[in-house]
Each structure stands twice: as C-alpha cells, then as structure tokens.
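>>> need a 3D model of the sequence below.
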Amino acid sequence: MIVLKNICKVYPGITVLRSVDIVIPDNTIFGIIGKSGAGKSTLLRIASLLEKPDSGEVIYDSDRVDTLKGRLLLERRRKMGMIFQNFNLLGSRNAAENIAYPLEIAGMQKKQIAKRVDELLEMVDIKDKRNARMSELSGGQKQRVAIARALAANPQVLFCDEATSSLDPQTTRSILALIKDLHSRLSITVFLITHQMEVIREVCQQVAVLEKGVSVEHGTVSEIFDAPKTQAAKELIHG
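Numbering: from 1, shown residues only. Here you go, the predicted model:
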C-alpha cells in the first residue's frame, strides 16, 4: 500500500500541491486525473521518490520512504518501474539493449540479462523487434519497449506518466490492454496519471481527481463516473 499523507509542494511563486491525501491499495490500477497544471506530474514524481515533498509523508506499507537517502533510496527506487509519454528510450540502442540497460546498471550477469530480456520481449509481444532500432519502431512498439524496460527488475509498482497521450486511439487501447494484462499476471500495483477520462474508464479500478493541487474527489471508477460530486469531476467526465 502506498500512502500519500498531507503532501505539499511549493515552487517559486506557485503552490503545486496542497495537503494531498491519497491511499493506493496493493495490486490496484489507480489513476490520478486532472487538467493541465493540476499537479499530477509533481504528485507522481513525489510518489515515485524522484522528488521530495516540502511537507507530508510518503509511506510504502508501514515504512516512511520520502526521507530515505543514499543506498536505501536507491534500493527503494529499484522496486519501481516508470513509463513516460515520450518513451525516454536510448536511440543508440536497439529494443533488446534498451530493455537490458537497467539490468546492466544493476550488475546482473550477461546470461541472466539475455534470459530476462527474452522473457520481457515475449511478455510485451515484440519478440520479432528485438534487434530493431528506435527509429524503426512505431509509437506503440516504442511504448512496449519502454514497458518491458520498466518491468526488467521485477518492480512492485509501475508508474505511468501520461503513457498513452502521444498515441493514436487504436494504439492507446492496445497499450491499455497490455497494462491490464500485466497487472493481472504480475499482481503489480499500477499508479498512472492522465488527463484522458477514457484512459481512467478503460483501465483503472480507483481514481482521484486533482484540481489546482488538491485532491477534490476519489473513489472507485464506477462511483466517480456514475455520480461525480464535484464540479471538477463533472467537467472531466462530460467535457
């Protein structure tokens, strides 16, 4: 379980997050939705320990983790995977080499890396693209490489930062189907942010609505869609 407790974040001249309280249960696909500037990306970066809150606590199970430093912080981050809107892949490496990269950094032996890369290529259904350069892949194929790379070290949590925003509708559906399948097969917690209500409807089990740095509403997806309580949620659902 991930608990974000009273999270606040201030940048020069702007308060980005204001006392955000969210609980993400284990083995859940949890979505954060809000308009541009709502604070979604900052909240994800804090939850994934890429950034520290100015106040509040980040708790994984019973352990507070936002205060970790050095080796302990690195070890905790290795239990997380991250996929991005713009893929963040290495253009100088082919698909298999991109997936292998975090395992090389972790010091895994070459034979083990090769075996794990083969497993992951099959898992995301791009085994035939193992030697392809990034310039040769479609957007959906690149995102599959990115997902495989994020899963390389068997993370407990997969963070998705607007992972389908740059994809066409058909490809978006296929990537969301893959995320749902991986969640089911691997029993992994998925924490995603998006401004696309259709993504929440398609893949998430629970959702929180963020507006101007405040979590204004949260619940199951059916609760939010069937009976939104706040104006922010109503605007996101009905446009």
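>>> make it CA atoms for all contacts and neighbour counts henceforth
Noted.
>>> so which helix or strand takes in the residue sitting furthest away from the middle of the chain?
With distances taken as Cα atoms, centre = their mean, the residue sitting farthest from the centre of the chain turns out to be K111, at 28.8 Å. The secondary structure element spanning K111 is helix 110-123 (assigned by DSSP states H and E).
>>> tell me the domain boundaries of the protein?
What automatic domain parsing lists as the domains of the chain is 2-79+156-238, 89-154.
>>> can you redo the ones you listed as a markdown table with mean pLDDT?
As requested, the domains of the chain are arranged in a markdown table below (pLDDT from 0 to 100):
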| stretch | mean pLDDT |
| --- | --- |
| domain 2-79+156-238 | 94 |
| domain 89-154 | 95 |
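>>> just to revisit the earlier point, buried set for the helix holding K111?
113-114, 116-118, 120-121, 123 (16 or more other Cα atoms under 10 Å).
>>> now stretch 62-69
Neighbour counts using 16+ other Cα under 10 Å place 65-66 of stretch 62-69 among the buried residues.
>>> 647 is where my numbering starts, stick with that
Noted, 647 is the first residue going forward, which turns the last one into stretch 708-715.
>>> now do it: everything it contacts.
Contacts with stretch 708-715, where a contact means Cα atoms under 8 Å, 6 or more residues apart in numbering, come from 692, 695, 698-699, 703-705, 719.
>>> now, which of those sits nearest V791?
Of all the contacts of stretch 708-715, the one with the least separation from V791 (Cα to Cα) is L695, at 23.0 Å.
>>> in which helix or strand would I find that closest one?
Secondary structure assigned from DSSP H and E places L695 in neither a helix nor a strand.
>>> contacting residues for it?
Contacts for L695 were tallied using Cα under 8 Å, 6+ apart; they are 711-712, 723.
>>> just put the residues you listed in CSV and tack on distance to K880 and secondary structure.
Below are those laid out as CSV (distance: Cα to Cα, whole Å; DSSP: H, G, I helix; E, B strand; the rest coil):
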residue, distance to K880, secondary structure
V711, 34, coil
D712, 33, coil
R723, 35, helix
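>>> among the contacts of stretch 708-715, which ones are in strands?
Using DSSP state E, 703-705 are the members of those that sit in strands.
>>> thought V770 was touching L824, still the case?
Yes: L824 lies in contact with V770 (Cα atoms under 8 Å); the separation is 7.2 Å.
>>> now distance to T817 too, for the buried residues of helix 756-769, in JSON lines please.
Formatted as JSON lines, the buried residues of helix 756-769 follow (distance: Cα to Cα, whole Å):
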{"residue": "I759", "distance to T817": "29"}
{"residue": "A760", "distance to T817": "28"}
{"residue": "R762", "distance to T817": "25"}
{"residue": "V763", "distance to T817": "23"}
{"residue": "D764", "distance to T817": "23"}
{"residue": "L766", "distance to T817": "19"}
{"residue": "L767", "distance to T817": "18"}
{"residue": "M769", "distance to T817": "17"}
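>>> where's H864, which helix or strand?
Under DSSP H and E, the secondary-structure element containing H864 is strand 860-866.
>>> please enumerate the strands of the chain.
In the chain, the strands defined using DSSP E lie at 648-657, 660-670, 675-679, 701-706, 709-710, 726-730, 803-807, 835-840, 852-857, 860-866.
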